[in-house]
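Asks: dropping a prediction and its sequence here:
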Amino acid sequence: MSTAKTDETQTDSARAQFSQRFAQRLIGAGTEDAFVVLAQAKALEAQGRDIIHLQIGEPDFDTPSNIIAKAHWALDNHYTHYTASAGLMQVREQYANYVNARYGINYVTADNIVIFPGAKPVVFNSCMALLDPGDEMIIMDPTYPAYAAAAHLFGATIKTVPLSEETGFRFRHEDLEKVVSSKTKLFCLNSPQNPTGGILTDEDFAFVAKLAQERGFYVLSDEIYNRFCYDAPHESILHKIDNLDQFILLDGHSKTYAMTGWRLGFSVTNPELSKKLTLMMTNTASCTAAFTQIAGVEALLGDQSEADEMIAEFKLRRDLIVDGLNSIPGVHCHRPAGAFYVFPNIKEHTTPFGRTSSDVQKVILNDFGVACLPGTSFGPGGEGYLRLSYANSRENIEKAVERLRSAFAKLSGA
Ligand SMILES: Cc1ncc(COP(=O)(O)O)c(C=O)c1O
């Protein structure tokens with residue numbers, strides 16, 4: 001009897017071990033801390049705490065009404081079925097028209113466009129289509145964490161190029177040149193940037209385009225914040241190339257049209273890679289929801305007034321939060337030219353005290369009720385910085401700045 005029990009126990013534990021043995025590729029898999037801190041902030045709110053949310057990159061506006069109306073129309077008009085994996089042909093044609101008009105080019109057709117459920121899948125699927133174990137992928141440091149997370153899953157090695165606050169979070173061209181090797185397969189470029197709000201310049205794009213063509217690597221140009229450029233028109237690598245042989249443009253609707261929950265994004269690249277991306281869609285999501293695709297055309301080509309109003313409001317908030325942060329002793333905030341993030345330098349509150357940005361972020365959340373992210377959520381280059389999203393009302397931004405003033409006064413022992 002006792003032997004039988006032992007065997008049974010062993011079987012149970014073997015079963016437990018088996019059910020918890022996940023694929024090796026998940027070991028060390030990255031995450032996105034914005035979602036982790038969001039959950040922590042919600043847990044504090046559930047205990048009755050008043051939290052100001054500056055942690056997540058999600059506009060606090062409603063989706064423009066013309067887009068919602070178009071989605072209703074699409075649902076009433078049978079756009080409730082599977083579509084081709086790359087997206088409906090008439091939708092891809094319209095997206096191609098939009099891209100040509102926006103970037104002042106004329107060579108993009110439906111064959112260059114794949115529609116995805118969100119922009120993040122463009123990152124994941126591009127990495128899946130291009131990267132083999134041992135290949136190298138270059139990212140900026142700090143940067144949006146989804147690039148490294150995807151590359152890691154496909155066994156690629158990550159190389160980084162540091163961004164510097166002094167130049168508005170650009171990288172030095174010679175630093176990029178240094179990390180390019182014969183194994184470099186992909187460079188993930190992002191401008192306007194998450195997390196710094198910095199933008200790259202015309203010269204940066206020209207340099208990257210030339211280097212990619214000379215050294216034979218792909219560039220994924222993540223331009224999801226392209227409409228959030230406050231001080232100058234948006235610059236793009238698409239202005240520096242005349243074909244998409246080694247280039248992927250990533251764009252999406254989440255930010256410009258406050259459509260994070262709809263899940264809608266798209267890639268623009270050469271037809272061969274587009275076919276591979278389509279294959280990935282066939283084998284994963286099958287297709288993007290039909291009615292959201294129809295609404296997506298309305299977003300890109302329909303009335304822009306609500307989106308424009310939202311972006312104008314973001315510019316006012318940028319100035320409010322930057323001025324507020326710069327009025328706090330020991331906090332230095334570069335005025336970012338794009339996106340809706342600020343990346344204040346808090347080194348005077350970390351280095352002399354032997355603290356990390358993560359220590360500071362925890363105090364700010366738990367003791368002062370402001371949810372934001374440590375710069376290190378975006379790479380080691382983010383040490384000494386915080387990332388705050390100003391996708392919140394001006395009133396809450398003002399309140400948050402006062403709470404931060406108290407937090408830093410306490411941290412400096414004042
Ligand atoms: C730089 C960047 N690219 C892509 C995305 C993904 O957008 P989506 O929500 O459409 O997947 C984000 C979202 O935060 C982002 O910051």
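Replies: Good, I have the coordinates. Numbering: from 1, shown residues only.

Asks: tell me if stretch 149-166 is near the ligand.
Replies: No. Stretch 149-166 lies apart from the ligand when judged by CB under 6 Å from any ligand atom; the minimum separation is 11.3 Å. In short, each C-beta sits where N, CA and C put it, glycine included.

Asks: straight-line length of that stretch, end to end?
Replies: End-to-end distance of stretch 149-166 (CA to CA, to the nearest Å): 28 Å.

Asks: what residues sit buried inside that stretch?
Replies: Buried residues in stretch 149-166, counting neighbours by 16 or more other CB atoms under 10 Å, are found at 149-154, 156-161, 163, 165.

Asks: so for it, what's the average pLDDT?
Replies: Here stretch 149-166 scores 96 as its mean pLDDT.

Asks: can you check stretch 290-305 too?
Replies: For stretch 290-305, mean pLDDT is 98.

Asks: pull the CA atoms of that stretch into CSV?
Replies: Taking C-alpha atoms only, stretch 290-305 is exported to CSV below (Å, rounded to 0.1, in the frame of the first residue of the first chain):
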residue,chain,number,x,y,z
ALA,A,290,-12.6,43.0,-40.5
PHE,A,291,-14.5,45.9,-39.1
THR,A,292,-11.5,47.4,-37.4
GLN,A,293,-9.7,47.4,-40.8
ILE,A,294,-12.6,49.4,-42.3
ALA,A,295,-12.5,51.8,-39.4
GLY,A,296,-8.7,52.0,-39.9
VAL,A,297,-9.2,53.5,-43.4
GLU,A,298,-11.5,56.1,-41.9
ALA,A,299,-8.8,56.9,-39.3
LEU,A,300,-6.1,57.5,-41.8
LEU,A,301,-8.1,59.2,-44.6
GLY,A,302,-11.2,60.6,-42.8
ASP,A,303,-11.6,63.7,-40.7
GLN,A,304,-8.5,64.4,-38.6
SER,A,305,-10.0,67.2,-36.4
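
Asks: which residues sit in contact with Ile51?
Replies: For Ile51, the contact set (CB atoms under 8 Å, 6 or more residues apart in numbering) comprises Ala41, Leu44, Glu45, Leu365, Gly369, Val370, Ala371.

Asks: in what helix or strand does the second one lie?
Replies: Pointing back at Leu44 there. Element membership for Leu44 (DSSP states H and E) is helix 33-46.

Asks: hmm, who's touching that helix?
Replies: Contact with helix 33-46 is made by 51, 53, 55-57, 145, 361, 365-366, 369, 371-374, 377, as judged by CB under 8 Å, 6+ apart.

Asks: so which of the contacts of Ile51 is the closest to the ligand?
Replies: The ligand lies nearest to Ala371 out of the contacts of Ile51, by CB to the nearest ligand atom, at 15.6 Å.

Asks: residue boundaries of the helices in the stretch 151-300 of the chain?
Replies: For the stretch 151-300 of the chain, the helices defined by DSSP state H, counting those that start in this stretch cover 173-179, 202-215, 271-283, 290-301.

Asks: now swap in the stretch 301-414 of the chain and tell me
Replies: 305-326, 347-350, 357-368, 394-411.

Asks: which residues are contacting the first one?
Replies: It stands for helix 305-326. Applying CB under 8 Å, 6+ apart, the external contacts of helix 305-326 come out as 59, 61, 64-66, 197, 227-228, 230, 256-258, 299, 331-336, 340, 342, 344, 388, 390-392, 394, 397-398, 400-401, 404.

Asks: low-confidence ranges in this protein?
Replies: For the chain, the stretches with pLDDT under 70 are 1-10, 414.

Asks: up against the ligand, what does it have?
Replies: Counting by CB under 6 Å from any ligand atom, the chain sits next to the ligand at 57, 118-120, 144, 190, 194, 222, 224, 252, 254, 260, 265.

Asks: give me that answer again for 8 Å
Replies: Residues of the chain found near the ligand (CB under 8 Å from any ligand atom) are 32, 34, 57-58, 118-123, 143-144, 146, 190, 193-194, 222, 224-225, 250, 252-255, 259-260, 263-265, 339.
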